[in-house]
Structures are given as structure tokens and as C-alpha cells.
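Student: Here is my input, please return the structure:
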Amino acid sequence: MDLNSASSVVLQVLTQATSQDTAVLKPAEEQLKQWETQPGFYSVLLNIFTNHSLDVNVRWLAVLYFKNGIDRYWRRVAPHALSEEEKTTLRAGLIADFNEPVNQIATQISVLIAKVARVDCPRQWPELIPTLVESVKVQDALQQHRALLTFYHVTKTLASKRLAADRKLFSDLTSSIYSFACSLWNHHTDTFLQQICTGDEAAAANSLERTLLSLKVLRKLTVHGFVEPHWNAEVMGFLHAVFERLKQFLECSRSIRAESICRDHLEKTIILFTKLLDFLDQHPFSFTALIQRSLEFSVSYVFTEAGEGVVFEQFIVQCMNLIKMIVKNYAYKPSKNIEDSSPETLEAHKIKTAFFTYPTLMEICRRLVTHYFLLTKEELTMWEEDPESFTVEETGGDSWKYSLRPCTEVLFMDIFHEYNQTLTPVLLEMVHSLQGSTNVENTNAILIKDAVYNAVGLAAYELFDSVDFDQWFKNQLFAELQVSDDRYKPIRRRVIWLIGQWISVKFKSDLRPVLYEAIRNLLQDCDLVVRIETATTLKLTVDDFEFRTDQFLPYLESMFTLLFQLLQEVTQCDTKMHVLHVLSCVIERVNMQIRPYVGCLVQYLPLLWKQSEEHNMLRCAILTTLIHLVQGLGADSKNLYPFLLPVIQLSTDVSQPPHVYLLEDGLELWLVTLENSPCLTPELLRIFQNMSALLELSSENLKNCFKIINAYIFLSSSEFLQMYAADLCRSFCELLKDITIEGQVQVLKVVENVLKVNPVLGPQMFQPLLPSVFRGIVDGERYPVVMSTYLGIMGRVLLQNASFFSLLLSQMACELGQELDQILGNMIEMWVDRMDTITQPERRKLSALALLSLLPSLNSVIQDKFCGIINISVEGLNDVMTEDSETGTYKDCMLMSHFEEPKATEDEEPPTEQDKRKKMLALKDPVHTVSLQQFIYEKLKAQQELLGEQGFHALMETVDTEIVAQLQEFLQGF
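Tutor: Sure, this is the predicted structure:
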């Protein structure tokens, strides 16, 4: 590529690629894509984005294409990799000068230099770091800033490499530049502090930016550049200096106005100082020397007057997280057996113990509760103006790392857990001082009580032995829930929340009805936040291990109606989801008892489904609710089909985008709908069209797909199989080519169920699968679970469809080029040999029945295997025969007579429609209707008649005498 002529062509295409007109834009993008692998293309791009006279948008695009090219083509092993000559030219061009005037482009250039450095530095690019160090020292402000920006991005990238060799290189690099980085940071910091004193804000802002960048470099070098930083005096000197600098910057912040250009950068720098202490994470024992200072610093600024007027929210969060990390750090906790602890651990523990004295802990605890736990003006305003957002605000997860309220609560829990013996009396004293209801006029007293109750809820597990919660509930808390004044609502909300925290810790079962009464009243509270909090506590109560349905039933109707009203009233997606989860939980726990009360919900859900088209997570909550609803309604769920079936159709259709969110719950709903369906409807049958695509996905949902197929087979095998057997058979043949052992067994079980339900047509419909089953048996399949299933399938065919078995035998003889009898003999021999792989008693009895069904016979092969068949039959008898202690006779324990619906106890789930179908099916199954004892007797008698007394006697001679003796004992009385 001739650079000059190419530059103008590429420049023209890049200009077109910045166009808003797609007719111009698309061809330009295509052309650039083709050039990506052309030699010289990146040299042209470098010329373009370093030419400051060109249009900014064109230069921006050139930088982006260059950056993407590094990712794809810079490494030697990449396809279409750049040549070494071109890379050498590009590396030199990238660091020729640092004078990019546009901030965004300068950042992109720094990032792409760092990307090249990740691959080439220091071996192929030894001059990069020295060049950056020199450029950072120059007087020109722009060049100095850009070089420092690049220095930071290169350091950050190299620090992120994790292989041992790379870490060694980074350690060497750190050793060579650490002193320089420290002096650079000190220089810019001093300059900034001087300029801020003289009131030169513009210059101070520039210096502050350089301070921030040099501190970022130092942070990466300090945390990742040393194996044992505490042996390096410079590192420890820098870390101790951080505290001094922090104080200077915090004091400096007093004089900087909120609207000042420096304010934002100053706060960022202060936060970065505190982030430096992620050093504690990487090097806990190197941090030991800093524990005392860190704790003194953080506690004085956050829990004493020292911080007033200088601290800001993010700084408080960082300081609290630092205290939490020191308190909770496992490296600082001695083993129960002190001798097993390292000296470093004991040293750190000693420093911690010396710091956290009783007065310090008491002050921290009091300040957390009575200062930081108080609801703020902003929160109270939000409560009034946007109650739903207020309830959602209190998030879990990692929010403690960034938000003040979760951060204070997590710190309180960790400190309370660590020092609970010291702090329990402090908290209990605060509770005792708040006995009785508080004057509603006294807002501050109400907020203090809210905060103290919050603390008792957070520390519930720690206070287990110290608080008689049942007495407290009866004597005080219950009464506080009755105070209906609007100004008392923070306490009503907090008390019902508090009960939710204690319900699984310590709450007598006898008090539940009183609590349900309180919950019912509060679900009618005039304040929405109180109602939402009450719903949450109801869920925790219903979900608790000690929940008893009989206690809850008297309140069910009113609770359900009130929850439903709440669901309709709330407007935000998150809140609707939350209330739906509460409803689901109630439906799940009371099961069929819910039937009389669900009419309103059933009518409302279709409307909510329609409204939530854009909110897939809310739709997931609706699906969960429907699952529990269908289980509660049982056969009556058929009335929901006009809404239910289109929902299942959409959720399980992989061609529809929402399936990504809805599929798992959609399959679960499909399954419970089938399990509870009284009969097959045309619409229910039609949904099965979604299945073949789902089987192709072969994801973790495959197990549920097989359960659904089985449910259809039990529901109405003939209609279902006539319509879908051919498709299913094709899908199964594909699946079996590439599937786990467990998956194979699942597929084969479906086939087994088909044969069980439809022994006449089943074998024909799944005929393509049967030869591989036959071959598996004859070849002696090595996986016992697979072999067992093969024998189950073949047993069904042999016992219940002998004519089809003969056809299959002929087909296998042709395929394998062997005699019919030879194949039959091999199969019986393997069956007898592998009988032990079958563990299910049903299949063991089936095997005995199936092999006995070959008798009576004159076939020499069957007579040859007679001994094996009898062995299996006697094994079967040993499995299924139980002795009647009264009569002393044996009977087959697998026989089932008439169908009787069992009475479900309260703890047991009532049988689903599918359970009933399986029971009816069992009543037609030879395994449960044919007496093995009788069957053996009849088959042996028939064989005797066929061969005559002498021939039969000769045949029985082939059987082991012990087996014959057992057989005779079982057949007594015949």
C-alpha cells in the first residue's frame, strides 16, 4: 500500500463512514472491513489520527479501527497477523509525541498503546517505559498530561496480567520506576496544595488532575508490583504518607466551594486515597503495620466530631468498608487453638484488640444506631412522594460497597458479630430506654426508636439468648402496631419488619394467630410502605419451617383479598413482582385450600400479563404464580386454559425473543398444567409443536422436556402419538447420537413409557429406535443404567407384543447376517448374565415374565437356555414374594387390585391427576396384574405337557438343585 495515495483513499472512506446516511455509511463500513487485513492499512490509520488538522470525527473513527485491529491482528499467532516491520513502525509512531489536543481521542490513544504494551512490553518494546518517564518530566503542560495518562493506562494493563512470568516482569518494572512514581506524585500534590492556597483555581485543577493520575499509577504499582511490600521502606513510607496527605486534602476541601471546578476531582482523589487500601485485600500481613493508623483515622473521621464539615457520603462508605475489612479479615483471626496461629495473625489480632476497647466499641455502636441508622430527610421525602421506590431502595447484594445505608448496616452486623458480648448490653440498654409507645409529636424520638429496632432486627441471631422476643412482642410490640396515627407509621413499618427478622430465629408457634391478626390489620394500613413491608413479613412467616396451615386458614380469605388489592394498587414492576411472590408463597403453602379465593387473581393475571410486555422479569413472577395456582387448583385449572395455554405457548417458543427469560418457568408451568389436566384438549395438544425445537437446543432444560413428553403419554397416548410419534422418533434418533448417559436413559424411559401405555402400537411407532436397543443388549452395553433400560424396553415388547418381537428378530438376523436362533440365544444369554444390572423390582419382575413368555417351546435354543430362564424366574420370586404370617403361604407383593384414592394426610401433597392416571395404568400392567408364581406354574405345566414327563424331567435336570428346591417351596399349593 503506497502510503500517500492510500491515505487519501482511506481518508475518503472514513469520512463516508461518519455519515448519517446509511446508503453512504454501509458501503464505507464494508470497504473498511475488507481493508482490515491489508498490509499498511494501520500505518495509514496512524497517519490519519495523528494529523490534528483533520476532522475530529474522522480521527476518532481511525483510532477505533486501529484499536480493534490490535485486538484481532497484533499477536503473531493471529490469522492475517501484522508483519513485524509494520509493527515496529507503528510502535515508534505511537510514542513519537504526546500532544493530542482532544481529550477523548487522547484517552483512546492511551488505551491502544496499553493494548500493544500488554503483548509487546518490555521484550519487543523496551523503549516504551523510558520514553513515558522522560515525557512526564517535560515542561509542556499538554504533553506532560498526555504522557501521564498513557503511563497510567500502560501500568494498569500490565498490572492486570496474572501469569507468573508476567508478574515477575511487572515486579521488575515496579522496582525500576517506583521512586520516580513517588516523587512525581509528591511533586504534583505539593504543587496543587500551593496553588490552592494562593487561590489559583485553574492551575490547581490541572495539578489536581496530574496528582490523580500519578496516584492511580502508584496504586497499581503498590498493590501489584511487590510480593512482600512490607520489606520495602519506600512502599511503607508511601502508605504512611497517604494518611498525612488525606488529612491535608480533607482540610483543603473545607475551603473549596461545592461549585468549584476542583471539587469533583478533589473528592475523586480523596476516594482514591481510601481505595489504595485495597492493598489490605492483596497483602493482609503487609498491612499489619497500618491497622492501628487506619482504624484511628477512619473511626475519628466517621464516628467523632473530627469529620464534621469535611466528610462526604462516599468517603464515609470507604472508611466504614475499611473498618469492616479489618474487623472481618480472616488473616487477622487466630485459630481456636492459639498454637496453630501464625505470629503475624497474633500480632494483627493484638493490635485490633488493643484498639477496640469497650469505650470505642460503645461509641461506634451508639453512633451507628443513633446517627447513621436514622432515616434522613431525603428518605422521608421519598417515602411520601414515591413510596414504592422507597421500599425497593433497600437493596442487597454488594450495595454495601457503594451505598451508605447498606454499608452502615453491614458494618454494624460485622462488628456486633465479632464483639457481641461487649455490645449486647449496650444495645439492650438502648431498647430498655424506649419502653412503651413514643409520643407521636416527637419526630426525633420516633426516628431513634426506628433505628434501635432496626439494630435489634439486624442482630437477631446474635441476640437469641439475650432477648425474650415472645414477651416483648406480647407486652410492647403488638401494642405499637395498634397505634394508627399517621406520624407513627415509621414504627409500625419497623416493628412488622422486626418481627419478620425474628420469625425464623425465635417466635412461639402459639403466637402466630395473634401475628396473623396484626398482619391482616396492617395490610389495611393507610400507608403504602407499611402495607408492602407487611406483605414481606407475611411471606417470611408463611415460608417459615414452623408454619401450620390450620392456624392460617381462618385468615386466608381476608389476607388473600388484601394482598390482591395491594397487587392492583402498586404500579412499579419491582413492587408488583414482590407482591406476586408473596401471593405465590401463600398459594404454595395452603395448596388446595386456596381454591375458593383465587377468582379475582385469575381474572386479573391476563391483564397484568398484557401490561408487562416490556418487563420479562415481571412475567417470570407471573409464571411462578401460575405454577403454584395450577398446583392449588388441580383439575379445576382447566378453566384457566384460555389464558394459560397461550402463555405457555409464548414462553416455550424458541423463535420468540422473550423465551430467553421465560423458558425455564414456562416449561415448569407446562409440566404442572399437564400433571393437573383432567383430559387432553386440542389446544394443549397443539402447544407440543414447540417441542422439537426445544429438543434441538438440548440445554439444561432437557430433563423437563422429557417430563413433559411423559406427561402427554400418560394423559392421552393414542391421540398424542398419532400426531407426534414420527417427529419424536426423529428427534430421539438425533439426540441419541450425541448425548450423555443420563440423557440416553431419559430418552429410553420415554420409549419404555410409550410401550407401557400402548403395547400394541408403541413398538411400531418407535420401530427405528429398537434395533439399537437390541444391538445394545446383544453386545452387552457397559453402562448398567443403560443396559437396565434396554432390558426394560425389550421386556415390554417380548411380553406384550410377541408378534412384533418376531419381526424385530428377523430384521436383526438380516442386519447382522446371523441365524434367527443364534441371535435369540445370544440375547437370552446376555439377559441372564446382566440381570444384576436391573435394580428396580418392577423391571426385575418384567424380565422374568418376558423370558417365561417364550415357554412352552420346542425350540432347541430356548430349551438350551431353559436353566437361565428358571434362574431369573426364581430371582424374580425372591424379589416379589412375601410370606403371609397367618397362613404361612407366599403371595406376590406387586399385585394391585382395585383403584382406591388414598387419603392424603396434611403433610402429604394430594395426588395430581397424573398420579391417578399412573395408578390406573398400573392396574393394566402385567407387572401389577399377573402373579409371577401363577405364571411360572402355568408355563412349566405347559412345557411339561408339550415335552412329556420324561423330556420335561431331563430339562429340569439342567437346573441347579438349590434353585429347584427354592422353586418348589414357592410353588407349594399349586
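Student: Only C-alpha atoms from now on, for both contacts and neighbour counts.
Tutor: OK.
Student: and Leu540, what is it in contact with?
Tutor: Going by C-alpha atoms under 8 Å, 6 or more residues apart in numbering, Leu540 touches Gly500, Ile503.
Student: That one is in what secondary structure piece?
Tutor: helix 528-542 (DSSP states H and E).
Student: What residues sit buried inside that helix?
Tutor: 528-542 (16 or more other C-alpha atoms under 10 Å).
Student: Same question for stretch 311-323.
Tutor: Those would be Val311, Gln314, Phe315, Ile316, Val317, Gln318, Cys319, Met320, Asn321, Leu322, Ile323, for stretch 311-323 by 16+ other C-alpha under 10 Å.
Student: Setting the sequence-adjacent residues aside, check what's closest to the last one.
Tutor: What sits nearest to Ile323 in space, not counting adjacent residues and going by C-alpha to C-alpha, 6 or more residues apart in numbering, is Leu295, at 6.3 Å.
Student: Thought Asn321 was touching that neighbour, still the case?
Tutor: No - Leu295 lies out of contact with Asn321 (C-alpha atoms under 8 Å); the separation is 11.0 Å.
Student: The stretch 101-250 of the chain: helices as residue ranges?
Tutor: Assigned by DSSP state H, counting those that start in this stretch, the helices in the stretch 101-250 of the chain fall at 103-120, 128-137, 141-159, 164-198, 201-224, 233-255.
Student: how about those in a markdown table, adding mean pLDDT and mean neighbour count?
Tutor: What follows is these, written out as a markdown table (pLDDT from 0 to 100; neighbours: other C-alpha atoms under 10 Å):
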| stretch | mean pLDDT | mean neighbour count |
| --- | --- | --- |
| helix 103-120 | 93 | 19 |
| helix 128-137 | 90 | 17 |
| helix 141-159 | 92 | 22 |
| helix 164-198 | 90 | 17 |
| helix 201-224 | 90 | 22 |
| helix 233-255 | 88 | 16 |
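Student: sorry, back to before: just the buried residues of stretch 311-323 now: which is nearest Leu14?
Tutor: Using C-alpha to C-alpha, Gln314 comes nearest to Leu14 of these, at 43.1 Å.
Student: Can you tell me how far the closest one is from Ile271?
Tutor: 7 Å (C-alpha to C-alpha, to the nearest Å).
Student: in the helix or strand following the helix holding Leu540, what's buried?
Tutor: Next helix or strand after helix 528-542 toward the C-terminus (DSSP H and E): helix 549-569. Applying a neighbour-count criterion of 16+ other C-alpha under 10 Å, one finds Thr549, Phe552, Leu556, Met559, Phe560, Thr561, Leu562, Leu563, Phe564, Leu566, Leu567 buried in helix 549-569.
Student: Reformat those residues as CSV; add distance to Thr624 and pLDDT.
Tutor: What follows is the buried residues of helix 549-569, written out as CSV (distance: C-alpha to C-alpha, whole Å; pLDDT from 0 to 100):
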residue, distance to Thr624, pLDDT
Thr549, 21, 90
Phe552, 22, 93
Leu556, 20, 91
Met559, 19, 92
Phe560, 17, 91
Thr561, 19, 91
Leu562, 20, 94
Leu563, 16, 93
Phe564, 16, 90
Leu566, 18, 94
Leu567, 15, 92
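Student: quick check, nearest of these to Ala711?
Tutor: Closest to Ala711, out of all of those and judged by C-alpha to C-alpha, is Thr549, at 29.9 Å.
Student: so what's the closest one closest to, chain neighbours aside?
Tutor: Val590 (6.2 Å).
Student: and the one you found, how many residues sit next to it?
Tutor: Val590 has 19 neighbours, counted by other C-alpha atoms under 10 Å.
Student: Also the one 10 residues further on?
Tutor: Other residues within reach of Cys600 by the criterion other C-alpha under 10 Å amount to 12.
Student: do the same with the one 10 residues further on
Tutor: By other C-alpha under 10 Å, 10 other residues sit near Lys610.
Student: Could you identify the helix or strand that succeeds the helix or strand harbouring it?
Tutor: If you go by DSSP H and E, Lys610 is part of helix 599-611. Later in the chain than helix 599-611, the nearest helix or strand by DSSP H and E is helix 616-633.
Student: name the helices or strands packed onto the following helix or strand past that next one?
Tutor: Next along the chain after helix 616-633, taking DSSP H and E as the criterion, comes helix 641-651. Judged by 3 or more C-alpha pairs under 8 Å, 6 or more residues apart in numbering; DSSP states H and E, helix 641-651 is in contact with helix 659-675.
Student: ok, residues contacting the following helix or strand past the helix it packs on?
Tutor: Next helix or strand after helix 659-675 toward the C-terminus (DSSP H and E): helix 682-686. Helix 682-686 is contacted by residues Leu645, Phe720 when judged by C-alpha under 8 Å, 6+ apart.
Student: now stretch 88-97
Tutor: Counting by C-alpha under 8 Å, 6+ apart, Tyr42, Ser43, Leu46, Ile113, Trp125, Leu128, Thr131, Gln143 sit against stretch 88-97.
Student: pLDDT value on Gln767, please?
Tutor: Gln767 is assigned 93 on the pLDDT scale.
Student: Quick check: Phe473 is in a strand.
Tutor: No - counting by DSSP: H, G, I helix; E, B strand; the rest coil, Phe473 falls outside a strand, being helix.
Student: Roughly how far does it sit from Phe507?
Tutor: 9 Å.
Student: can you check Met559 too?
Tutor: For Met559 relative to Phe507 (C-alpha to C-alpha), the value is 21 Å.
Student: Secondary structure element holding the residue nearest to Ile323?
Tutor: helix 288-303.
Student: Just list what that helix packs against, helices and strands only.
Tutor: helix 313-328, helix 343-355, helix 358-367.
Student: One more pass at 7 Å, please.
Tutor: helix 313-328 (3 or more C-alpha pairs under 7 Å, 6 or more residues apart in numbering; DSSP states H and E).
Student: isn't Val570 right next to His578, touching?
Tutor: No - with contact defined as C-alpha atoms under 7 Å, Val570 does not count as touching His578 (10.2 Å).
Student: ok, back up a step: can you put the helices of the stretch 101-250 of the chain in a markdown table and add distance to Ser399?
Tutor: A markdown table is the format used below for these (distance: least, C-alpha to C-alpha, whole Å):
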| stretch | distance to Ser399 |
| --- | --- |
| helix 103-120 | 29 |
| helix 128-137 | 38 |
| helix 141-159 | 25 |
| helix 164-198 | 32 |
| helix 201-224 | 24 |
| helix 233-255 | 25 |
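Student: Quick check: which of those helices is nearest to Glu875?
Tutor: Here helix 164-198 is closest among the helices of the stretch 101-250 of the chain (C-alpha to C-alpha), at 62.2 Å.
Student: can you list the domain ranges for the chain.
Tutor: Domain ranges of the chain: 595-706, 716-839, 872-971, per the TED database.
Student: Pick out the shakiest of the ones you listed, pLDDT-wise.
Tutor: Among the domains of the chain, domain 872-971 scores lowest, with a mean of 85.
Student: That concludes my questions; thank you for your assistance.
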